[in-house]
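In: Take this sequence and fold it.
(2 chains)
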Amino acid sequence: MKNKKAEDERILSPVFFVMLVVIGIGIVSGYVIFYSDDVNVNSDEAEILSNRIIDSIVSNGYLNERVLDDSFDIFNEAKLNKALFHEEGYFYFEIVVLQEDNVLKNIFYGNEKLKLESQFQGKDFASGYYKEFFVIDKNNPEIVYKIKILTASKQIIE
Amino acid sequence: MMNKRGEENNILLEYVIFFILLIIFVSAILIFGNRASKQTDNIEALYAKQIALIIDNSKSGLKVNLDISPLFEDAIENNFDGDIITINNEENYVLVKVNKGAGNKYYFFSDNDILWSIDTERAILSIEVT
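Out: Numbering: from 1, shown residues only, chains lettered A, B, ... in the order given. You can find the predicted model right below:
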């Protein structure tokens, strides 16, 4: 009994080491959680991508005449690097040109999984940006086109 | 009497070890905290993203001067004398490094050619989109 009491009063008891470990883990976890907070700019990227695309297909409210051509190259028109828009990439975009609900043109490139992901909220999902608007035909103002643009980004720092 | 003195010595030794361990523990926590608070990784990532966004959001002809003095300060503190910023026009990425690690890389989707230079005296990054 006396021995047990003496043991309990020891400073370097196993309890002391356990306490050090627990306190240490607590402090380190706190630092890691606090400082690992990342600045996510994916939604800004998606919006910038969308604006670049709009600038290349619309001019002063008119549809760029070349958009409906088969030879239309969005990468050249919007000055985008095609190599980054692949199936496993960080980016995705889709452009739909409609006239009275008829799809005249549908252009999409990049990682298609991001299209679905961008519909969900949360830091683990891609950020999306959707825009829908009307433009008119330059040669015939009576023709109105509806444009739908969806862009998404899920870039992580490497 | 002898036993009591021996016991006292043991207790004293135990106290000494206790305080040494405590000092080591507190020092380790302070050093870790100091390193973590410098946020080297975060500052690299922040600048890599900022520069990539500037490039993506720019049109031909735009010239931008960006103050990168915080990166220089960190690089000096880490004794790093390599390239702090690299903008790769071939693979479209910005790489920011303030220490000997791998650095932080962020891609830009703009296909514009980027002319860039660093004024080391004023710690200014100049970007020109062509």
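
In: Now the terminal residues of stretch A:62-74, how far apart.
Out: By CA to CA, to the nearest Å, the extent of stretch A:62-74 from end to end equals 17 Å.

In: Mind listing what's buried along that stretch?
Out: For stretch A:62-74, burial by neighbour count (16 or more other CB atoms under 10 Å in any protein chain shown) applies to A:63, A:64, A:67, A:72, A:74. Just so you know, the C-beta spots here come from the backbone N, C-alpha and C atoms, and that holds for glycine as well.

In: buried residues in the helix or strand residue A:29 falls within?
Out: Secondary structure assignment for residue A:29, by DSSP states H and E: helix A:14-35. For helix A:14-35, burial by neighbour count (16+ other CB under 10 Å) applies to A:27, A:31.

In: right, quick check: the very next helix or strand once past that helix against chain B, any contact?
Out: Sequence order places helix A:42-57 as the next helix or strand after helix A:14-35, per DSSP H and E. Yes. Contact of helix A:42-57 with chain B (CB under 8 Å from any CB of the partner chain) involves A:44, A:45, A:48, A:49, A:51, A:52.

In: which residues of the chain fall in helices?
Out: This is for chain A. Under the criterion DSSP state H, chain A carries helices at the ranges A:2-8, A:14-35, A:42-57, A:74-77, A:113-117.

In: I was after chain B.
Out: Per DSSP H, chain B carries helices over the ranges B:2-38, B:40-56, B:69-77.

In: Would you convert those into a markdown table that also reports mean pLDDT and mean neighbour count?
Out: Listed next are the helices of chain B as a markdown table, based on pLDDT from 0 to 100; neighbours: other CB atoms under 10 Å in any protein chain shown:
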| stretch | mean pLDDT | mean neighbour count |
| --- | --- | --- |
| helix B:2-38 | 81 | 12 |
| helix B:40-56 | 88 | 21 |
| helix B:69-77 | 90 | 15 |
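
In: could those go into JSON lines alongside distance to chain A?
Out: Below are these laid out as JSON lines (distance: least, CB to the nearest CB, whole Å):
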{"stretch": "helix B:2-38", "distance to chain A": "4"}
{"stretch": "helix B:40-56", "distance to chain A": "5"}
{"stretch": "helix B:69-77", "distance to chain A": "15"}
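
In: about what we covered before: between the residues of helix A:42-57 next to chain B, which is closest to chain B?
Out: Nearest to chain B out of those is residue A:48 (CB to the nearest CB; 4.9 Å).

In: quick one, what contacts that closest one?
Out: Residues near residue A:48 by CB atoms under 8 Å, 6 or more residues apart in numbering or on different chains: B:53, B:56, B:57.

In: Leaving out the residues flanking it, which one is nearest to the last one?
Out: On the basis of CB to CB, 6 or more residues apart in numbering or on different chains, the spatially nearest residue to residue B:57 that is not a chain neighbour turns out to be residue A:48, at 5.0 Å.

In: what angle separates the helix holding residue A:29 from helix B:2-38?
Out: Relative orientation of helix A:14-35 versus helix B:2-38 (axes from the mean of the first three to the mean of the last three CA atoms, to 10 degrees): 10 degrees.
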